[in-house]
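**Student:** Fold the following.
(one chain, ligands or ions: 1)
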Amino acid sequence: MNNWEVMERDLKVNWHPCTQMKDHQILPMIPIRRGEGVYLEDFEGNRYIDAISSWWVNLFGHRNPYINRKIKEQLEELEHIIFAGFTHWGAVRLGERITQLTGLDKVFYGDNGSSAVEIALKMSFHYWKNRGETRPLFFSLENSYHGETIGALSVGDVGLYKETYREILLENRTLPIPADQSEEETVKALTQIRQIFERETQTPTGNPISALIMEPLVQCAGYMKMHSPQFVAGLAQLCREFNIHLILDEIAVGFGRTGTLFAFQQADIKPDFLCLSKGLTGGYLPLSLVVTTDEVYQAFYCDYKEMKAFLHSHSYTGNPLAVAAANATLDIFETQPVLEENRKKSQYIWEKIQKFKELPNVKEIRQTGMITAIEMIPYPWQERRGLVVYQYGLQNGVLLRPLGNVIYFMPPYVIDYSEIDQMIEVAYRGIELAQTQKWG
Ligand SMILES: *Cc1c(COP(=O)(O)O)cnc(C)c1O
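**Tutor:** So this is what the prediction gives:
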């Protein structure tokens, strides 16, 4: 079978995520037959460097031999069980490791990022309710992204995904973000935010805000916008001062993407809730975690008849295969100098992309750890210049998937230096081409 045949049959039956399906009349879909390391291979043997880690999930390459083996071993023992009233060894291990690594106390399981966000929002609201307060609102940041389910979308702020559904979303309070990572902009934003805190948390009927939810250091779906660790620390401080929870959504930035295992470690703070997914299983299987404190846990812990338990569940909660993939991923972090190697790679990438500044259509380059973004000048969105770069990338063996006018690299950590060179070279030429070409 060639690519074309697979695509034709696919389009007869499948509806793909985040896609205007009509685009596929002119934009070929790429059927992938196998993966290996940073490479994806289509049905005709063309290979693509997966420069976006298959939507930010893959950490140690496709078909990683170690993770493969660990999942196969688990498969021979147990594929799935109910996680209410039952447990399994992998979950014990994972819970112990995650609490140890995060400095938090309790782990609740979900099966995707959006559900982790829903869980954290509900838990925070429910915590206050169990303590006798009703706090129906959340603070979230401008330009944030927390997933696609109704609750998660309500605390997000990327218009492209949100606008259509406005009438059915929950009410929310949005806070400004700093224009960049500088101290000046950080202080400016924090000053404005303090005023909003003062206004919104003090009403005649009490404090209506349960929590602030944010993506620390990098707003990934929000066009890879970055802010300083001081901004995260400042918000954590405000949350403490005004007695609301801090929910950190590290679904995209967790597991080393920002240079430390978790982004919040750079701000030297402790959240009340930490949402993890994506890289958690090395990009193998859907799983998410909400990690929280003993203080939160204790607000639910009482005699059954008090009716304070958190009765949320998902069918695949704590799936043993996904948990095995997560434990295997942590094994790799434990046994190999991943973060140290990444520091060298991100430094190398940063040096190499300096030349992008020479391109007249490049507005800004920025980097946090293993996330590097190149922002083109603000072309009208209808011109879809990013798509020109995408298409050029595919024709030249690199999967880049720009967010609007922002081209970014978020490769699997196993990428080597020659693959980095190729990824950067192709992106450079693609952006060059986008000076003169629009889409369609
Ligand atoms: C991807 C993402 C989510 C949603 O996760 P899904 O598994 O796609 O539901 C939430 N928050 C952030 C920051 C993300 O990048």
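**Student:** Give me the below-cutoff pLDDT ranges for the stretch 101-250 of the chain.
**Tutor:** Low-confidence segments of the stretch 101-250 of the chain, defined by pLDDT under 70, are absent.
**Student:** which bits of it sit near the ligand?
**Tutor:** Residues of the stretch 101-250 of the chain lying near the ligand by Cβ under 6 Å from any ligand atom: Asn112, Gly113, Ser114, Val117, Tyr145, His146, Gly147, Glu215, Cys220, Ala221, Asp249. Every residue, glycine included, has its C-beta placed from N, CA and C.
**Student:** what do you get if the cut-off is 5 Å, keeping everything else the same?
**Tutor:** Asn112, Gly113, Ser114, His146, Gly147, Glu215, Cys220, Asp249 (Cβ under 5 Å from any ligand atom).
**Student:** Just give me how far stretch 155-174 sits from the chain centre.
**Tutor:** Centroid separation between stretch 155-174 and its chain, computed with Cα atoms, centre = their mean, to the nearest Å, is 18 Å.
**Student:** In that stretch, which residues are buried?
**Tutor:** Using 16 or more other Cβ atoms under 10 Å as the test for burial, stretch 155-174 gives Val155, Gly156, Asp157, Val158, Lys162, Asn172, Arg173, Thr174.
**Student:** wouldn't Leu330 be in contact with Arg97 here?
**Tutor:** Yes: applying Cβ atoms under 8 Å as the test, Leu330 and Arg97 come out as touching, 5.4 Å apart.
**Student:** Would you map out the domains in the protein?
**Tutor:** 3-63+339-433, 68-335 (automatic domain parsing).
**Student:** And the residue of the chain that's closest to the ligand?
**Tutor:** Gly113 (2.0 Å; Cβ to the nearest ligand atom).
**Student:** what residues are up against that residue?
**Tutor:** Counting by Cβ atoms under 8 Å, 6 or more residues apart in numbering, Gly113 touches His146, Gly147, Asp249, Ile251, Ala252, Cys275, Ser277, Lys278, Ser288.
**Student:** Ok, Gly254 next?
**Tutor:** Leu261, Phe262, Ala263, Leu274, Leu276, Lys278, Gly279, Leu280.
**Student:** if we look at the ligand, which of those are close to it?
**Tutor:** Of those, not one also sits near the ligand (Cβ under 5 Å from any ligand atom).
**Student:** quick one, phi psi at the most far-flung residue of the chain relative to its centre?
**Tutor:** Most distant residue from the mean C-alpha position of the chain: Lys305, 38.2 Å away (Cα atoms, centre = their mean). Per-residue torsions, Lys305: phi -70, psi -10 (degrees, to the nearest 10).
**Student:** before we move on, back to that, show me the residues of the stretch 101-250 of the chain next to the ligand that map onto helices.
**Tutor:** Gly113, Ser114 (DSSP state H).
**Student:** among the residues of the stretch 101-250 of the chain next to the ligand, who's most crowded?
**Tutor:** Neighbour tally across those (other Cβ atoms under 10 Å): the maximum, 32 neighbours, falls on Asp249.
**Student:** how about the helices of the stretch 101-250 of the chain, start to end?
**Tutor:** 113-130, 150-154, 159-162, 183-201, 229-241 (DSSP state H, counting those that start in this stretch).
**Student:** Deepest in the core, which of the ones you listed is it.
**Tutor:** Mean neighbour count (mean count of other Cβ atoms under 10 Å) peaks for helix 113-130 among those, with a mean of 24.
**Student:** Report the distance from that helix to the chain centre.
**Tutor:** In terms of Cα atoms, centre = their mean, the centre of helix 113-130 is set 18 Å apart from its chain centre.
**Student:** now swap in stretch 95-103 and tell me
**Tutor:** That offset, for stretch 95-103, works out to 20 Å (Cα atoms, centre = their mean).
**Student:** And for stretch 332-350?
**Tutor:** On Cα atoms, centre = their mean, the centre of stretch 332-350 falls 19 Å from that of its chain.
**Student:** do the same with stretch 138-146
**Tutor:** 13 Å.
**Student:** Would you mark the buried spots in it?
**Tutor:** Phe138, Phe139, Ser140, Leu141, Asn143, Ser144, Tyr145, His146.
**Student:** Please save the CA atoms from it in PDB.
**Tutor:** The C-alpha trace of stretch 138-146 is given here as PDB (Å, rounded to 0.1, in the frame of the first residue of the first chain):
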ATOM      1  CA  PHE A 138     -10.900  30.300  39.100                       C
ATOM      2  CA  PHE A 139      -8.100  32.600  38.100                       C
ATOM      3  CA  SER A 140      -6.300  31.700  34.900                       C
ATOM      4  CA  LEU A 141      -3.800  33.500  32.700                       C
ATOM      5  CA  GLU A 142      -4.200  35.200  29.400                       C
ATOM      6  CA  ASN A 143      -3.100  33.100  26.500                       C
ATOM      7  CA  SER A 144      -3.300  29.900  28.500                       C
ATOM      8  CA  TYR A 145      -4.200  26.400  27.400                       C
ATOM      9  CA  HIS A 146      -5.500  23.600  29.600                       C
END
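**Student:** what does that stretch rub up against?
**Tutor:** 113-114, 117, 121, 124, 152-158, 161, 172-177, 196-197, 200, 209-215, 219-223, 225, 244, 249, 251.
**Student:** Just give the number of residues close to the nearest residue in space to His88 that is not next to it in sequence.
**Tutor:** Spatial nearest neighbour of His88, chain neighbours left out: Pro320 (5.1 Å); criterion: Cβ to Cβ, 6 or more residues apart in numbering. Each residue near Pro320 was counted by other Cβ under 10 Å, and the total is 21.
**Student:** try Thr19
**Tutor:** 11.
**Student:** show me what contacts it?
**Tutor:** So Thr19 contacts nothing (Cβ under 8 Å, 6+ apart).
**Student:** any idea how far Met29 is from it?
**Tutor:** 9 Å (Cβ to Cβ, to the nearest Å).
**Student:** can you check Glu295 too?
**Tutor:** For Glu295, the distance to Met29 - Cβ to Cβ - is 48 Å.
**Student:** Ok, Glu432 next?
**Tutor:** According to Cβ to Cβ, Glu432 and Met29 sit 26 Å apart.
**Student:** Could you find the closest non-adjacent residue to the spatially most central residue of the chain?
**Tutor:** In the chain, the centroid-proximal residue (Cα atoms, centre = their mean) is Ala252; its distance is 1.9 Å. Nearest residue to Ala252, sequence neighbours excluded (Cβ to Cβ, 6+ apart): Cys220, at 4.2 Å.
**Student:** cool, and Leu169?
**Tutor:** In space, Leu169 is closest to Ser154, 4.2 Å off (Cβ to Cβ, 6+ apart).
**Student:** The residue nearest to Ala252: what's it in contact with?
**Tutor:** Cys220 makes contacts with Trp56, Tyr145, Ala252, Val253, Ile371, Met410, as judged by Cβ under 8 Å, 6+ apart.
**Student:** Just give me how far the helix or strand harbouring Cys275 sits from the chain centre.
**Tutor:** Using DSSP states H and E, Cys275 falls within strand 273-276. Taking Cα atoms, centre = their mean, the mean C-alpha location of strand 273-276 is offset from the chain mean by 11 Å.
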